[in-house]
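Peer 1: A structural model of the following input is requested.
(one chain, ligands or ions: 1)
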Amino acid sequence: MKIAVAGSGLAGSYIHRLLKMRGEHNVDLYDVKHKIACGIHPCGYGVDEHFDRFIIRAGLDPLAYRLHNPPYLLAQLEGAVARTTVFMIDKPRLIRDLLQGADVRLNPIDVEGYDLVVDATGQARAYAPPLAQDLKARVIQWRVRVSVPTTTSFLPTRGLPGYMWVMPLNQDGTDVHVGAGCELGNRTPARELVRPAFSSLNITSVTCACGAFIRLSGPDFSNIVCGKIWAVGEAAGLVGPASGAGNVFALQSALELVENLFDPAGYVAALRRRFAPLIPEAKAVRKVLAGGLPNLSELYHIHRGWQRAGVVVAWRDLPKLAIAMRRAYATAA
Ligand SMILES: Cc1cc2nc3c(=O)[nH]c(=O)nc-3n(C[C@H](O)[C@H](O)[C@H](O)COP(=O)(O)OP(=O)(O)OC[C@H]3O[C@@H](n4cnc5c(N)ncnc54)[C@H](O)[C@@H]3O)c2cc1C
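Peer 2: As a prediction, this is how the structure comes out:
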């Protein structure tokens with residue numbers, strides 16, 4: 001079987017490694033040229049407690065990629081306190097180790113030349129057909145050094161629906177990711193969007209910055225396997241719409257693909273079993289992005305979505321949080 005893997009991000013590089021470990025040597029890897037300093041695109045280093053088992057499965061040591069210990073404690077969330085298992089990893093290093101010097105081709109794939117083309121191109125979904133109900137958000141992120149150590153926190157964006165985050169990248173909390181995601185197509189300048197998060201930090205220097213898009217539509221299970229083209233990871237819509245978390249889902253879906261390599265129906269069924277709850281979560285997020293107020297059932301799906309991404313808000317804090325978010329979205333940016 002001749003296999004092309006399009007995209008050497010998390011899903012693509014993980015699939016490549018698992019296939020090599022299984023003795024599948026007829027596998028070619030493709031990507032596009034990046035101009036970005038860290039060498040990967042998109043950014044985003046947060047994972048939850050499920051990360052380790054996927055890395056062990058690939059014969060690597062998960063501890064080697066931890067930038068700090070999982071907090072298992074409290075993230076600030078607009079006055080409410082959330083329990084979280086989210087921690088940051090050295091994602092560029094992980095992708096480098098998964099690839100282990102593999103040759104990554106930078107030309108477009110000649111689909112006819114392969115029996116299977118894995119679309120692991122993230123939000124680009126460059127080979128699988130476009131999604132009828134696609135939904136993407138705009139995301140911007142800075143890496144900064146701060147003089148006063150910080151902890152993980154999440155805040156709603158001002159003036160439009162979305163959220164900001166502050167996530168430490170080292171144990172002492174002085175190297176930090178700070179960013180924001182919101183609906184696509186609005187004209188708010190990036191700096192303005194993230195200003196409230198920035199103002200909570202004592203920034204001494206900016207290391208880098210990047211912008212990207214993130215798919216929030218959830219999966220369309222009828223469009224994951226299209227003949228010989230199989231979508232995986234974010235290309236398959238496997239990002240938490242309420243959280244924007246896609247790293248662990250990329251690994252999880254990549255493993256399912258490898259385990260069902262000769263069984264397209266089995267692959268889709270496995271993804272459906274694991275990821276069907278992203279569909280009502282996406283529906284609720286669409287409503288909030290359109291300026292609507294989630295009803296109780298939608299709030300439940302958003303809450304479950306945060307939980308799937310490793311962020312747990314007590315039910316009793318939910319009404320307070322919903323009101324605070326609503327107020328922030330109505331406040332001028
Ligand atoms: C700013 C930002 C912050 C984020 N933060 C987090 C976070 O903290 N935690 C979390 O869990 N998730 C986060 N996410 C989401 C997460 O990064 C993605 O969901 C995850 O990387 C998806 O993995 P993937 O392998 O499916 O796709 P990607 O990681 O997007 O990899 C896709 C690869 O395909 C390549 N490619 C694109 N077009 C083509 C083409 N035409 N041909 C060949 N290759 C192509 C790209 O260059 C890339 O290497 C964040 C996203 C962004 C944008």
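
Peer 1: What parts of the stretch 151-300 of the chain come near the ligand?
Peer 2: For the stretch 151-300 of the chain, the contact set with the ligand under C-beta under 6 Å from any ligand atom comprises 179, 212, 214, 233-235, 239, 244-248, 250. Bear in mind the C-beta positions are built from the backbone N, C-alpha and C, glycine included.

Peer 1: Go through those and flag which are in strands.
Peer 2: Gly179, Ala212, Ile214 (DSSP state E).

Peer 1: Please tabulate those residues in JSON lines, including the columns neighbour count.
Peer 2: What follows is those, written out as JSON lines (neighbours: other C-beta atoms under 10 Å):
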{"residue": "Gly179", "neighbour count": "25"}
{"residue": "Ala212", "neighbour count": "19"}
{"residue": "Ile214", "neighbour count": "21"}
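
Peer 1: of those, closest to the ligand?
Peer 2: Ala212 (3.5 Å; C-beta to the nearest ligand atom).

Peer 1: so what's Ala242 up against?
Peer 2: Glu281, Ala284, Val285, His301, Ile302, Gly305, Trp306, Ala309 (C-beta atoms under 8 Å, 6 or more residues apart in numbering).

Peer 1: Out of those, which sit inside helices?
Peer 2: Glu281, Ala284, Val285, His301, Ile302, Gly305, Trp306 (DSSP state H).

Peer 1: The second one reaches Arg304, doesn't it?
Peer 2: No: because the distance of 9.7 Å does not satisfy C-beta atoms under 8 Å, Ala284 is recorded as not touching Arg304.

Peer 1: So which of those two has more stuff around it?
Peer 2: Ala284 (23 against 17; other C-beta atoms under 10 Å).

Peer 1: The more buried one and the ligand: what is the separation?
Peer 2: Between Ala284 and the ligand the distance is 19 Å, computed by C-beta to the nearest ligand atom, to the nearest Å.

Peer 1: check which helix or strand covers the closest residue to that residue other than its chain neighbours.
Peer 2: Nearest residue to Ala284 in three dimensions, chain neighbours excluded: Glu298, at 3.6 Å (C-beta to C-beta, 6 or more residues apart in numbering). Per DSSP states H and E, Glu298 falls inside helix 296-308.

Peer 1: For that helix, name the packing helices and strands.
Peer 2: Applying 3 or more C-beta pairs under 8 Å, 6 or more residues apart in numbering; DSSP states H and E, one finds that helix 296-308 contacts helix 278-289, strand 311-313, helix 318-330.
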